[in-house]
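*Asks:* I would like the atomic coordinates for the input below:
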Amino acid sequence: MIDLHLHSQYSEDGEYSPEELVRQCYQKGVRILSITDHNCVRANETALKAAKRKDMDYIPGIEIDCVHTGNNLHILGYDIDFHSPDFQKLEAYVNEQNLRVSLETLEKTQTLGFHVTEGDMWALSKDRYWKEAWTGEMFAEVLLEKPEYADHPILQPYRPGGKRGGNPLLNFYWDYYSQGKCCYVPRNYPTAEEIIDVIHRNHGIAVLAHPGLTLRGRENLLDDILELGIDGVEAFSSYHTSAQTDYFVRYAKEKKRIITCGSDFHGKIKPLIEIGQYHCSMPDEELYERTERVLERGLKTRYISPK
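*Replies:* Take a look at the predicted model:
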């Protein structure tokens, strides 16, 4: 089994250490994996060693936030040279914006009528790698745990049994903190073209992550995005419907792009997403063959375990 989209504690919304994530993948039957943390490559060294101990194939990865024509995108980088200073600079660039964005997000959350404080958020983030990054999911966690808001009408849909209660933290983020929503605070993201260049400059493969989720009805942007130099499309994703999966598989084949698969597993933030879950309709042999196109590139000989 393959899973090329996983998040560790080095993502602001990930739960597990790289070692624990590799262990869980092994238990689930995953033998080819990539940890693709948000704007951060720090998990790769540890995950590579943990995977080698279990004779698993590990592909160094990252998921980078960027923007194209005003639309926020996620681009996956595979087989990257994760020791490159380019990725250290990227992490620093993102991190220097975190506190400003977090404090502005706090103010917007307070305008909804909630008494949530800096102290509440620091208490939740103090043991995390990205201490100054307060995500929408974190605000949801704080608010849902406050006893004084047990019956608050805004939060009722996110309680057990509510319409949005199956995936409450993530749904609260999408409803209030995602791009265009009332608590969204814009960041200065690099352009997609810049990020593709960084990935290619570091021997990597650039893949558009979960396009059915990111584009959401703006699939007309695909041709334009591919012209920037995208090498592949994450056609198999836990977020995609069968119809979306079929569409992106056909599209990638037509455009002669790599097809990849990934669950986007995070842990408690996305409890309905499991390792190895990405609704794959392709025969195993073909999926492995297409994944081999990822392994053939860049730093394969340095990172793939010998058979």
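*Asks:* so who does Lys54 touch?
*Replies:* Contact partners of Lys54, counting by C-beta atoms under 8 Å, 6 or more residues apart in numbering, are Val22, Tyr26. Just so you know, the C-beta spots here come from the backbone N, C-alpha and C atoms, and that holds for glycine as well.
*Asks:* actually Glu132, sorry about that
*Replies:* Taking C-beta under 8 Å, 6+ apart, we find Glu132 in contact with Asn95, Asn98, Leu99, Ser102, Ser125.
*Asks:* one more time with 7 Å, if that's ok
*Replies:* Asn98, Leu99, Ser102 (C-beta atoms under 7 Å, 6 or more residues apart in numbering).
*Asks:* Of the residues you listed - the most surrounded one?
*Replies:* When neighbours are counted by other C-beta atoms under 10 Å, Ser102 leads these with 23 neighbours.
*Asks:* quick one: pLDDT of that residue?
*Replies:* Per-residue confidence (pLDDT) for Ser102: 97.
*Asks:* How about it: what's its closest non-neighbour residue?
*Replies:* Computed as C-beta to C-beta, 6 or more residues apart in numbering, the closest residue to Ser102 that is not its neighbour in sequence is Trp134, at 3.9 Å.
*Asks:* Pull the number of nearby residues for that neighbour.
*Replies:* If you count neighbours by other C-beta under 10 Å, Trp134 ends up with 28.
*Asks:* Do I have it right that it meets Leu103?
*Replies:* No. Using C-beta atoms under 7 Å, Trp134 is not in contact with Leu103, being 8.4 Å away.
*Asks:* I'd say Gly232 and Cys261 touch.
*Replies:* No. Using C-beta under 7 Å as the test, Gly232 is too far from Cys261 to be in contact (10.6 Å).
*Asks:* the more surrounded of the two?
*Replies:* Cys261 (25 against 21).
*Asks:* Could you look up the SS state of the more buried one?
*Replies:* strand (DSSP: H, G, I helix; E, B strand; the rest coil).
*Asks:* So Leu144 versus His115, what's the distance?
*Replies:* To His115, Leu144 is 14 Å away according to C-beta to C-beta, to the nearest Å.
*Asks:* Which of the two has more residues huddled nearby?
*Replies:* Neighbour comparison, Leu144 and His115: the larger count goes to Leu144, with 17 against 11 (by other C-beta under 10 Å).
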